[in-house]
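Asker: One predicted model, sequence on top.
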Amino acid sequence: MQNRTNRAALRIRNRAAWRLYFLSFALFATVGLYLTYFPVWLAARGLGDREIAFVTGAPFAVRILVTPLIAYIADKRGIAVTLAVCAVAMFSGYAALGFVKGFVPVFLGSLLAISAQGTMPSLADALSLSEIRRLEKARQPPVRYGRVRMGASLSALSMMLASGWIVQLFPGERIIFAMILLASVAAGAAVWAGFTMRKVKFDPKAQGGLTENPADLRLAIICIAAGSLTQASHAEVYSFGTLLWEGDGFSPAFVSIAWAMGVTAECLLFFSAEHYLGGTKNAARFLVLGAAGAMLRWSAMASQPPAPVVLGLQAMHAFSFASAYLGTVLLLGSLAGLNHRARMQGWYSTSSSLMMALSTIACGWLTSRYGAGAYVAMALLAGCGLVFALWCGVIRKNSTACKPEL
């Protein structure tokens with residue numbers, strides 16, 4: 001009887017885990033192709049450099065404004081339903097781009113598609129953590145959040161690797177139809193989740209605000225600061241890494257391998273970290289590891305190292321990005337109040353977007369004057385993140401309100 005009960009519990013857990021994994025994979029499929037070829041499509045549509053920069057940059061400002069509002073609606077009306085609406089809006093924006101011409105129509109369609117696309121990761125995180133909490137309370141075997149999040153990384157990596165083949169099928173301006181197809185998959189998966197996943201109802205009688213325990217609000221704010229600063233320190237490599245490597249004489253094939261190395265290492269950490277290093281109870285340690293890894297990575301990048309060292313530093317993406325992201329999301333998820341799960345992740349997303357935008361602007365000025373020396377500023381930024389991460393660790397260690405591991 002006990003074995004039968006255990007097998008039934010595992011089936012429930014596995015069904016929930018695969019559902020979340022598939023949703024994560026589907027939502028991020030469009031991102032991999034967007035990062036690689038959307039600017040190329042804009043150029044094929046006749047937009048100049050300044051117009052492309054405006055079209056791709058404006059959604060960051062919109063995201064900073066609308067993400068808290070969307071997170072508020074998600075907590076009130078349901079996270080899965082709100083995620084479905086955002087995914088359908090993203091699909092609508094991409095679909096419109098397939099048939100419009102001229103700067104203004106392209107700008108408006110892009111603004112809708114990219115802004116909606118940018119709000120989905122925090123909603124997906126909140127939905128995953130809510131489902132994991134539900135299984136925990138039902139005393140089911142645990143679902144590892146990191147492995148769910150790995151689906152998003154694998155999706156983006158798969159699309160990046162397949163982008164050359166996709167471009168052959170959809171050459172020139174037709175690449176937008178591949179994005180429309182991927183966006184339809186994301187929208188379909190999100191709508192399916194909205195209909196099938198458990199609805200977390202707003203409870204007007206629930207105690208607490210942004211954090212379940214009001215005393216944990218300071219810890220949440222410090223955690224958001226640590227995560228945002230650490231992620232913002234990646235601005236130089238995201239914006240100018242490829243250009244600096246090409247300037248050092250690295251071939252396009254090497255550059256592709258370097259980027260693939262980073263995402264592969266990220267996937268490995270998401271897959272294994274919680275199993276070998278613990279879950280929510282060690283979230284602050286993940287955050288410290290990420291900030292420290294970022295500081296070391298950018299310090300080494302500033303010296304313009306040779307190719308083998310660059311590959312090793314790209315493998316450190318597992319720590320500088322993945323570990324910091326995992327620690328921040330898990331810690332905030334454990335602190336979030338019952339009616340504020342989406343808002344907690346939304347505020348982190350908003351803070352990260354703002355810090356990344358400011359850091360990217362600064363990198364443009366620094367790189368034009370100091371070249372790879374701009375990485376020194378990124379190391380300092382990660383160092384600031386490390387100070388906040390260590391502060392998180394001290395508070396977390398002394399806290400008597402820690403929740404059990406997911």
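Answerer: Nice, thanks for sending it over. Residues are numbered from 1 along each chain as shown.
Asker: Need the residues that contact stretch 254-268.
Answerer: Residues outside stretch 254-268 that contact it (Cβ atoms under 8 Å, 6 or more residues apart in numbering): 150, 153-154, 156-157, 160-161, 242, 245-246, 250, 307, 310-311, 314-318, 321-322. For every residue, glycine as well, the C-beta is placed using N, CA and C.
Asker: Quick check: PyMOL command selecting the buried ones in the residues you listed.
Answerer: Applied in PyMOL, the following selects the buried portion of the contacts of stretch 254-268 according to 16 or more other Cβ atoms under 10 Å:
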select buried, resi 150+153+154+156+157+160+242+245+250+310+314+315+316+317+318+321+322
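Asker: now, which of the contacts of stretch 254-268 lie within strands?
Answerer: When strands are assigned by DSSP state E, not one member of the contacts of stretch 254-268 lies inside them.
Asker: Next step: the contacts of stretch 254-268 restricted to helices.
Answerer: 150, 153-154, 156-157, 160-161, 242, 245-246, 307, 310-311, 314-315, 317 (DSSP state H).
Asker: Show me the two of those that sit farthest apart.
Answerer: The largest distance within the ones in helices among the contacts of stretch 254-268, taken as Cβ to Cβ, falls between 150 and 246 and amounts to 29.9 Å.
Asker: from the chain's centre, how far out does stretch 230-244 sit?
Answerer: Between the centre of stretch 230-244 and the centre of its chain there are 15 Å (Cα atoms, centre = their mean, to the nearest Å).
Asker: next one: stretch 336-345
Answerer: Stretch 336-345 has its average C-alpha position 17 Å from the chain's average C-alpha position, going by Cα atoms, centre = their mean.
Asker: Over to stretch 40-57?
Answerer: 24 Å.
Asker: Just the buried positions in it, please.
Answerer: 41, 42, 45, 47, 51, 52, 55.
Asker: any idea of the pLDDT on the closest residue to the last one other than its chain neighbours?
Answerer: Spelled out, that is residue 55. Closest residue in space to residue 55, ignoring its immediate chain neighbours: residue 110 at 4.9 Å, by Cβ to Cβ, 6 or more residues apart in numbering. For residue 110, the model assigns a pLDDT of 92.
Asker: For residue 110, grab the count of nearby residues.
Answerer: Neighbour count of residue 110, defined by other Cβ atoms under 10 Å: 25.
Asker: Helix or strand: which one has the residue nearest the centre of the chain?
Answerer: Of all residues in the chain, the one closest to the mean position by Cα atoms, centre = their mean is residue 121, 5.6 Å from it. Per DSSP states H and E, residue 121 falls inside helix 103-137.
Asker: which helices and strands does that helix pack with?
Answerer: Packed against helix 103-137, as judged by 3 or more Cβ pairs under 8 Å, 6 or more residues apart in numbering; DSSP states H and E, are the following elements: helix 2-44, helix 49-77, helix 79-97, helix 145-169, helix 175-196, helix 324-335, helix 341-370.
Asker: hmm, who's touching stretch 342-351?
Answerer: Outside of stretch 342-351, the residues that reach it under the criterion Cβ under 8 Å, 6+ apart are 63-64, 67-68, 70-72, 74-75, 79, 82, 119, 121-123, 125-126, 129, 210-211, 220, 223-225, 227-228, 328-329, 332-333, 335-337.
Asker: For that stretch, which residues meet the burial criterion?
Answerer: When burial is assessed from 16+ other Cβ under 10 Å, stretch 342-351 yields the following buried residues: 342, 343, 344, 345, 346, 347, 348, 349, 350, 351.
Asker: Find the residue ranges of this structure scoring beneath the pLDDT cut-off.
Answerer: Low-confidence segments of the chain, defined by pLDDT under 70: 1-14, 137-141, 198-209, 275-280, 399-406.
Asker: Tell me how many other residues surround residue 125.
Answerer: When counting by other Cβ under 10 Å, one arrives at 29 neighbours for residue 125.
Asker: From what I see, it and residue 329 are in contact.
Answerer: Yes. With contacts defined as Cβ atoms under 8 Å, residue 125 counts as touching residue 329 at a distance of 5.3 Å.
Asker: Mutual contacts of the two, please.
Answerer: For the pair residue 125 and residue 329, residues contacting each of them under the criterion Cβ under 8 Å, 6+ apart are 149, 345.
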